[in-house]
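> build me a structure from this.
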Amino acid sequence: MPSIPSFADVCDKATRLPCSPALLPRLIGVLAKDDASIDEMEQVISIDPALASSTLRLANSAYFGAGSAQVENLSEALMRLGQKEVYKLAALSLTGRWMALKVEGYRWEPGDFCRLALVEAVAAEYLAERTGQVDPKTAYTAGLVHEIGKLALAYACAESFPEIRKAQQAAVGPWIEAEKKVLGYNHAEVGAELLRRWKFPPSLVAVGTYNPPHAGDPADFMPLLVHVHAAKYLAVTIGAGVAEDGFLFELNAPLLIEWGFSPEMLEAAIPDILDRAGKLLQERLTHGALSF
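Take a look at the predicted model:
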């Protein structure tokens with residue numbers, strides 16, 4: 001059996017990922033202010049050349065720039081796009097780099113983690129818009145980073161995955177429990193620590209910590225936790241980027257139903273989520289059967 005890296009070593013290695021979303025908390029902080037200025041947004045976005053160029057490109061696209069003069073600088077691009085589009089672009093640009101990252105473990109194909117994260121983000125945003133209980137932008141981010149711990153384990157613990165696989169098959173239980181048995185920690189614990197290190201707000205750290213959520217979790221975070229849990233279930237049902245562990249997660253169906261997320265409500269949401277996510281990923285998505 002290969003040596004198992006310590007929890008600290010896994011987190012240290014993961015923080016050096018070339019595609020870490022560490023810029024997002026800074027952008028969240030700026031855009032959360034009612035009086036956020038273009039200059040403040042520009043200062044954050046200009047740190048990342050690829051993000052800055054994506055912002056200019058989107059502002060000059062047919063969708064936003066039709067009939068208008070080409071913008072030539074970041075300030076003009078931000079004025080044209082507005083806060084909501086800028087934030088979603090930033091999240092997509094930063095995490096879109098997961099498409100190119102090659103990692104072992106979970107038997108992912110290239111780009112699978114990005115697909116799964118984006119579908120979950122879109123689903124969380126959509127559900128938040130429908131219920132009005134959670135800020136859609138926060139829900140989108142939460143869905144995006146919810147499973148970041150999986151990326152870390154796949155990156156740092158690839159040699160241990162055969163043992164995790166054996167442990168899960170022997171126990172016939174949730175994959176996350178097999179991770180804990182073999183490694184001494186699981187992807188939720190690693191994800192929460194990474195979000196803390198990257199200085200994400202407490203609500204988003206909670207999404208990593210309480211994964212999956214249970215009735216006794218902190219009440220302040222419960223609306224977001226439940227929305228993201230429902231979004232994960234939808235993402236797994238849709239299936240884009242779902243790895244070998246995907247259908248082996250612990251679904252808290254009673255909690256979803258308690259919060260109004262019935263199978264019928266979630267089933268009705270799938271067509272719009274497929275449409276939104278498909279446009280972001282530029283691929284046609286389908287889905288499997290949904291049932292609790």
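> excluding chain neighbours, what is closest to the residue positioned nearest the centre of the chain?
When C-alpha atoms, centre = their mean is applied to the chain, the residue found nearest the centroid is residue 144 (1.4 Å). Leaving aside its chain neighbours, residue 144 sits nearest to residue 121 (4.1 Å; criterion: C-beta to C-beta, 6 or more residues apart in numbering). For the C-beta atoms, the positions are set from N, CA and C on the backbone; glycine is no exception.
> average pLDDT across the helix or strand hosting the one you found?
Here residue 121 sits within helix 112-131, counting by DSSP states H and E. The pLDDT scores in helix 112-131 average 90.
> repeat that for stretch 146-162.
The average pLDDT within stretch 146-162 is 87.
> export it as CSV, just CAs?
The C-alpha trace of stretch 146-162 is given here as CSV (Å, rounded to 0.1, in the frame of the first residue of the first chain):
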residue,chain,number,x,y,z
HIS,A,146,-18.4,22.7,-3.2
GLU,A,147,-16.3,19.7,-4.3
ILE,A,148,-12.9,21.4,-4.6
GLY,A,149,-11.6,18.8,-2.0
LYS,A,150,-12.1,16.1,-4.6
LEU,A,151,-9.8,17.9,-7.0
ALA,A,152,-7.2,18.1,-4.2
LEU,A,153,-7.4,14.4,-3.4
ALA,A,154,-7.2,13.4,-7.0
TYR,A,155,-4.2,15.7,-7.4
ALA,A,156,-2.3,14.6,-4.2
CYS,A,157,-3.6,11.1,-3.3
ALA,A,158,-3.9,9.3,-6.6
GLU,A,159,-2.0,6.3,-5.5
SER,A,160,-4.4,5.7,-2.7
PHE,A,161,-7.5,5.5,-4.9
PRO,A,162,-7.4,1.7,-5.5
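> list the buried residues in it.
Under the neighbour-count criterion of 16 or more other C-beta atoms under 10 Å, stretch 146-162 has 146-157, 160-161 buried.
> quick revisit: for the helix holding residue 121, name the packing helices and strands.
helix 83-95, helix 136-145, helix 148-156, helix 222-238, helix 263-281 (3 or more C-beta pairs under 8 Å, 6 or more residues apart in numbering; DSSP states H and E).
> try it again at 7 Å.
Under the contact criterion of 3 or more C-beta pairs under 7 Å, 6 or more residues apart in numbering; DSSP states H and E, helix 112-131 touches helix 136-145, helix 222-238, helix 263-281.
> so which of these is nearest residue 178?
Closest of these to residue 178 is helix 222-238, at 17.2 Å (criterion: C-beta to C-beta).
> and after the closest one, which helix or strand comes next?
Next element after helix 222-238 (DSSP H and E): helix 253-258.
> how distant is that following helix from the center of its chain?
Counting by C-alpha atoms, centre = their mean, to the nearest Å, helix 253-258 is centred 22 Å from the centre of its parent chain.
> got the contact list for it?
With contact meaning C-beta atoms under 7 Å, 6 or more residues apart in numbering, helix 253-258 is reached by 213, 215, 226, 229-230, 292.
> where in the stretch 51-200 of the chain is pLDDT low?
For the stretch 51-200 of the chain, applying pLDDT under 70 flags the ranges 53, 62-63, 65-67, 72, 93-103.
> now with 90, please.
Residue ranges of the stretch 51-200 of the chain with pLDDT under 90: 51-118, 121, 135-138, 140-148, 150-152, 154-159, 171-174, 194-200.
> before we move on, the earlier item: now, the most widely separated pair of the buried residues of stretch 146-162?
Going by C-beta to C-beta, the pair spanning these furthest: 146 and 160, at 22.0 Å.
> contact partners of stretch 170-177?
Stretch 170-177 is contacted by residues 168, 178, 186-188, 245, 248-250 when judged by C-beta under 7 Å, 6+ apart.
> ChimeraX command to pick out the buried ones of these?
Typed into ChimeraX, the next command selects the buried ones out of these (criterion: 16+ other C-beta under 10 Å):
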select :168,178,186,187,188,245,248,249
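> and the two most separated of the contacts of stretch 170-177?
Pairwise distances across these (C-beta to C-beta) peak at 15.4 Å, for the pair 168 and 188.
> right, I'll leave it there.
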